[in-house]
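>>> Any chance you could fold what I've pasted below:
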Amino acid sequence: MKEQNNAIIITGIISAVILVIAFMALSSLGGSSAGVLTDNTVNVQGEAQVKAMPDLMVVYFDVETKGDTTEAARADNVEVVEKLVDGIVALGFERSEIVTENFNVRQDYDWKNGERVDKGFIASHDIKVKMAVDDTEKMGKVVDAGVSAGAMVNRINFELTQESQNKYKAEAMKIAAKDAKIKAESVAEGFDKRVGKLVNVQVQNFGYNPWRAYGGNLMADTAMIKESVSNIQPGEKDITASVSATYKLR
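Numbers count the residues shown, from 1 in each chain. The predicted structure follows:
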């Protein structure tokens, strides 16, 4: 009987301790038993769209060569690239306007009857050439020079210079930030509160995709490529931005 009484006393003490801890936890939450109180903040998403016109035309070339060894594939590739660069520089371009985007050498092989058959190596060099957006005549000469050197035209884009990207990005971010604040003020007003201190800001997205003028048809000849681009008039495109902002409510 004594052991049973001791067990009851111990159980009672444990229950009391649990109740005290639970009471302290509820007190730290402002005395509410309905759930955890927030920091009295509002989180909103600001969105923006701005119109942009391209100010740059970019021709992308692929230079691909094959060889029995990596050295042979690379040497042939360098020869084609040098011809391409020399031909474009002769048109009045600066070498800084001819940019290497990627270079790699990989093994070439086929599968026959479930077995891999090695065929040597492939060297690939991706190069882009930048010019003014309305200089279609110069674009045609660049295409001719590249194809004559042994390169393939991968695609031609209308794009934004870095200066223009920075300008439109700044404009879009400002509009997105204002949109976030307007939304926060509207929510606060609905709860009979006012927007207070800005607590946190996160840039969610800045979207910019080039205008595709030509691409995908590796069998096209230079005349078809030039005609495809000259017949396209790039229009305005939406550049998007979004920010997430958290405000105190008061």
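>>> which secondary structure elements does the helix ranked longest in the chain contact?
Taking DSSP state H as the criterion, the chain has its longest helix at helix 162-190. Judged by 3 or more CB pairs under 8 Å, 6 or more residues apart in numbering; DSSP states H and E, the packing partners of helix 162-190 are strand 41-52, strand 195-207, strand 237-249. For the C-beta atoms, the positions are set from N, CA and C on the backbone; glycine is no exception.
>>> How far off centre is the shortest one?
The gap between where strand 41-52 is centred and where its chain is centred comes out at 18 Å by CA atoms, centre = their mean, to the nearest Å.
>>> Partner strands of whichever helix or strand comes after it, with direction?
Following strand 41-52 in sequence order, the next helix or strand is strand 56-67 (DSSP states H and E). Pairing partners of strand 56-67, with direction, according to DSSP bridges: strand 115-132 (antiparallel), strand 152-159 (antiparallel).
>>> Report the distance from strand 56-67 to the chain centre.
How far strand 56-67 lies from its chain's middle: 22 Å, per CA atoms, centre = their mean.
>>> same thing with stretch 167-184?
Offset of stretch 167-184 from its chain centre (CA atoms, centre = their mean): 19 Å.
>>> Same check on stretch 113-127?
Per CA atoms, centre = their mean, the centroid offset for stretch 113-127 relative to its chain is 30 Å.
>>> In it, which residues are buried?
121-123, 125-127 (16 or more other CB atoms under 10 Å).
>>> Between which two of the residues you listed is the distance greatest?
With distances taken as CB to CB, the most widely separated pair in those is F121 and I127, at 19.6 Å.
>>> residue contacts, the residue most central in space within the chain?
In the chain, the centroid-proximal residue (CA atoms, centre = their mean) is G207; its distance is 7.0 Å. Neighbouring residues of G207 by CB atoms under 8 Å, 6 or more residues apart in numbering: 239-241.
>>> Spell out which residues make up each domain of this structure.
1-37, 38-54+161-212+234-250, 56-159 (automatic domain parsing).
>>> just so I know, which of these lies nearest S228?
S228 lies closest to domain 56-159 among the domains of the chain, at 8.1 Å (CB to CB).
>>> what's the span of the closest one from first residue to last?
5 Å (CA to CA, to the nearest Å).
>>> Return the residues in contact with V105.
The neighbours of V105, taking CB under 8 Å, 6+ apart as the test, are 70, 73-74, 121-124.
>>> Then it would be within a helix, right?
No - counting by DSSP: H, G, I helix; E, B strand; the rest coil, V105 is not part of a helix but strand.
>>> For M173, which non-adjacent residue is closest in space?
A241 (5.2 Å; CB to CB, 6 or more residues apart in numbering).
>>> And the pLDDT at that neighbour?
The model reports A241 with a pLDDT of 92.
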